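Asks: Quick one: sequence plus predicted model below, questions after.
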2 protein chains.
Amino acid sequence: MEQNKAIIGIDLGGTNTCIGLVGADGTIIETLRFKTFDYPLIEDFIEKVSEQVVFLAEKFNLSKDNIRIGIGAPNGNYYNGSIELAPNLPFKGIVPLKDLLEENLKTKSYKANVVVTNDANASAMGEKIYGNAKNIRDFLMITLGTGVGSGVFVDNKLVYGESGFAGEAGHSIIVPDGRACGCGRYGCLETYCSATGIVRSIKELLQTQTKDSLLRQINIDDITAKDISDAADANDELALECFDMTAKYLALGLANAAVLTSPEKIFISGGLANAGEKLFKPLREYFEQYLYPVFRNRISIEPSGLPDNKVAILGAASLVAE
Amino acid sequence: MEQNKAIIGIDLGGTNTCIGLVGADGTIIETLRFKTFDYPLIEDFIEKVSEQVVFLAEKFNLSKDNIRIGIGAPNGNYYNGSIELAPNLPFKGIVPLKDLLEENLKTKSYKANVVVTNDANASAMGEKIYGNAKNIRDFLMITLGTGVGSGVFVDNKLVYGESGFAGEAGHSIIVPDGRACGCGRYGCLETYCSATGIVRSIKELLQTQTKDSLLRQINIDDITAKDISDAADANDELALECFDMTAKYLALGLANAAVLTSPEKIFISGGLANAGEKLFKPLREYFEQYLYPVFRNRISIEPSGLPDNKVAILGAASLVAE
């Protein structure tokens, strides 16, 4: 029986880990997923990933001699295959992800080649190869998930930089001495514009304003980004104000990033991007206001061309595509 | 008599315009200079530059058929040879610098090829070819002059971006709703860390503090960056506080830029860079504090390897070197 040429793309996120089998034509054949924080010990996490890889390899008859796996992970380092100091993951310090997974698979008689990159870099690769960035040489990819990630394309190439960690716009400081961030500093873009950031914003608004709101019906500690989005769709004034505030902070972060590399487009993916025009409309307006004048009216902000549960898997897989 | 192969590099700055004749070996043979604001009309400015080019061409026997001129100018655009919306120059709107200078020289029977780029990009090129960045693939060049400019090298190439204006870290907003900037926005890095920015800082300190200071002997509206530097050298407490404040703002701007492209080194040139350790020591300390942890202890901040009156001329000339 012929061996399947499919490859594996893994999106290792602060909430879910998604393992996808990707065909040579860029279609995702099957996806497995589990909660990342269900495996807080790296050994257990690696074993879980390894088992799922083996499950897919057996089911789809992949060659045991050459399992190709691309992984996008927060603070993933393309140069050495490790995850380092990721604020939104349970694994602390420096984790040699590539080595650990290859070794584990070896004990199961699978020879694997694992390539790691930053999760947002993987999304940028996915957007470039399969999404809306196909013909764009200079762009930013912004992922609004548990954190805020970014990938930078300059002159048709993904920027890795000296360290392999380039493209961390989510950890640019947009409010000096602002909100405490998981990275240990204050005022990072991520603390305002991630899914958790927008929840922090609505709590501030609920506590500092007396305005009525649908969200007051929910226990304040249980409010999710989805609840805020639903309330905004129902024209809840406070929820709309929260989106406006989020758009303003994000616009500032994007305008600061744009002056450095002058992208043609900025693509937004991740859960919050699904909020649509209630985010994008104020975002575009504030962005133009914050932009250094020579860049005005020449950088468009658009949603990703791929569903956010696919872009990172496809991008990660593209790292090991032949 | 043999025609001289020398080329001309021009550093068009917010204060001085310097026109240098550069030999094939990268030595500056002769430099002419004048005050940019003495020629507030673009026609007069072009005529002045053209006359000085002709003076050098005649004196050094350059070929009339092929005068090569590289110009570094604020908001200079490599793609179309124009200066656009430069906040620190007398010329407003869009100025087709390349076309105007080539046409003027044609009326004097000189056939010229003019290439324009951003002034800080020119400095980055100079640092790469003649200075301390020769073997560095990823670096930032920061110029602290009338404004704050920057040039970005990624993977051994200068970043121009979609617009040709990439590398404007001086116009990243580091204090939302902060100081008014010449570009029409508020809180740009340039308003805190340029020569004019540090003067604004000392005025704030003199007016809000009662501390004694050598600088109180000078009329507050006459204080220059040089005065502040001299006072700091004499251990004036307020002047030292002013350098500390400047270093802190600059560190924030550099840390935000560094997360995007992950440079190996950041080079600082321009008048303020001559302040030496009273700037660099606090700058390095604050920079590490503001840096996203994965980048800590791997990005060094160093003064430019070239005198600041040479780096931009050499970089501009390198644009037209064969």
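Replies: The structure has been received and is ready for your questions.

Asks: which element is A:Asp11 on?
Replies: Using DSSP states H and E, A:Asp11 sits in strand A:7-12.

Asks: ok, now A:Thr117?
Replies: Assigning secondary structure by DSSP H and E places A:Thr117 in strand A:112-118.

Asks: Mind naming the longest helix for chain A?
Replies: The residue-count maximum for a helix in chain A (DSSP state H) belongs to helix A:237-261.

Asks: after that helix comes which helix or strand?
Replies: Downstream of helix A:237-261 (by DSSP H and E), the next one is strand A:265-269.

Asks: Okay, now the sheet partners of that following strand, with direction.
Replies: With DSSP bridges as the test, strand A:265-269 is paired with strand A:139-144 (parallel), strand A:300-303 (parallel).

Asks: immediately after the shortest one, which helix or strand?
Replies: Once the chain leaves strand A:300-303, the next helix or strand it forms, by DSSP H and E, is helix A:311-318.

Asks: how much does that next one deviate in direction from strand A:112-118?
Replies: 130 degrees (axes from the mean of the first three to the mean of the last three Cα atoms, to 10 degrees).

Asks: pLDDT below threshold where in the stretch 201-322 of chain A?
Replies: Filtered on pLDDT under 70, the stretch 201-322 of chain A yields the residue ranges A:322.

Asks: mind redoing it with 90?
Replies: Counting by pLDDT under 90, the stretch 201-322 of chain A shows low-confidence ranges at A:270-271, A:274, A:306-312, A:321-322.

Asks: which bits of the stretch 1-150 of chain A sit near chain B?
Replies: A:Asn75, A:Glu84, A:Leu85, A:Arg137, A:Asp138, A:Ser150 (Cβ under 8 Å from any Cβ of the partner chain). Every residue, glycine included, has its C-beta placed from N, CA and C.

Asks: ok so, going back, hey, which of the strands paired with strand A:265-269 is tucked in deepest?
Replies: Counting by mean count of other Cβ atoms under 10 Å in any protein chain shown, strand A:139-144 has the highest mean neighbour count of the strands paired with strand A:265-269, with a mean of 29.

Asks: Any chance you could list what contacts that strand?
Replies: Contacts to strand A:139-144, defined as Cβ atoms under 8 Å, 6 or more residues apart in numbering or on different chains, come from residues A:119-120, A:123-124, A:127-128, A:133, A:148-153, A:169, A:193-195, A:250, A:254, A:257-258, A:261, A:263-273, A:304, A:308, A:312.

Asks: Would you map the strands across the stretch 51-200 of chain A?
Replies: A:67-73, A:83-84, A:94-95, A:112-118, A:139-144, A:148-154, A:157-158 (DSSP state E, counting those that start in this stretch).

Asks: Quick check: which of those is nearest to A:Leu41?
Replies: Ranking the strands of the stretch 51-200 of chain A by their distance to A:Leu41 (criterion: Cβ to Cβ) puts strand A:94-95 first, at 11.0 Å.

Asks: Not counting that closest one itself, show me its contacts.
Replies: Outside strand A:94-95, the residues that touch it by Cβ under 8 Å, 6+ apart are A:Ile42, A:Ser82, A:Ile83, A:Glu84, A:Leu85.

Asks: picking up where we left off before, okay, the strands of the stretch 51-200 of chain A in CSV with mean pLDDT next?
Replies: Conversion of the strands of the stretch 51-200 of chain A to CSV gives the following (pLDDT from 0 to 100):
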stretch, mean pLDDT
strand A:67-73, 96
strand A:83-84, 94
strand A:94-95, 95
strand A:112-118, 95
strand A:139-144, 96
strand A:148-154, 96
strand A:157-158, 96
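
Asks: Tabulate these (JSON lines), appending distance to B:Gly184.
Replies: Shown next, in JSON lines, are the strands of the stretch 51-200 of chain A (distance: least, Cβ to Cβ, whole Å):
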{"stretch": "strand A:67-73", "distance to B:Gly184": "39"}
{"stretch": "strand A:83-84", "distance to B:Gly184": "40"}
{"stretch": "strand A:94-95", "distance to B:Gly184": "45"}
{"stretch": "strand A:112-118", "distance to B:Gly184": "35"}
{"stretch": "strand A:139-144", "distance to B:Gly184": "23"}
{"stretch": "strand A:148-154", "distance to B:Gly184": "26"}
{"stretch": "strand A:157-158", "distance to B:Gly184": "33"}
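
Asks: for the ones you listed, which one sits closest to A:Leu206?
Replies: Closest of the strands of the stretch 51-200 of chain A to A:Leu206 is strand A:139-144, at 21.3 Å (criterion: Cβ to Cβ).

Asks: what angle sits between that closest one and strand A:67-73?
Replies: If you take the same axes, to 10 degrees, strand A:139-144 sits at 80 degrees to strand A:67-73.

Asks: CA atoms only: put strand A:139-144 into PDB for me.
Replies: The C-alpha trace of strand A:139-144 is given here as PDB (Å, rounded to 0.1, in the frame of the first residue of the first chain):
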ATOM      1  CA  PHE A 139       2.600  42.500   5.700                       C
ATOM      2  CA  LEU A 140       2.000  41.900   9.400                       C
ATOM      3  CA  MET A 141      -0.100  39.100  10.800                       C
ATOM      4  CA  ILE A 142      -1.700  39.700  14.100                       C
ATOM      5  CA  THR A 143      -3.300  36.900  16.100                       C
ATOM      6  CA  LEU A 144      -5.800  37.900  18.800                       C
END
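
Asks: Tell me who's in contact with A:Lys265.
Replies: With contact set as Cβ under 8 Å, 6+ apart, A:Lys265 has these partners: A:Asn132, A:Ala133, A:Ile136, A:Phe139, A:Leu140, A:Ile299, A:Ser300, A:Ile301, A:Glu302.
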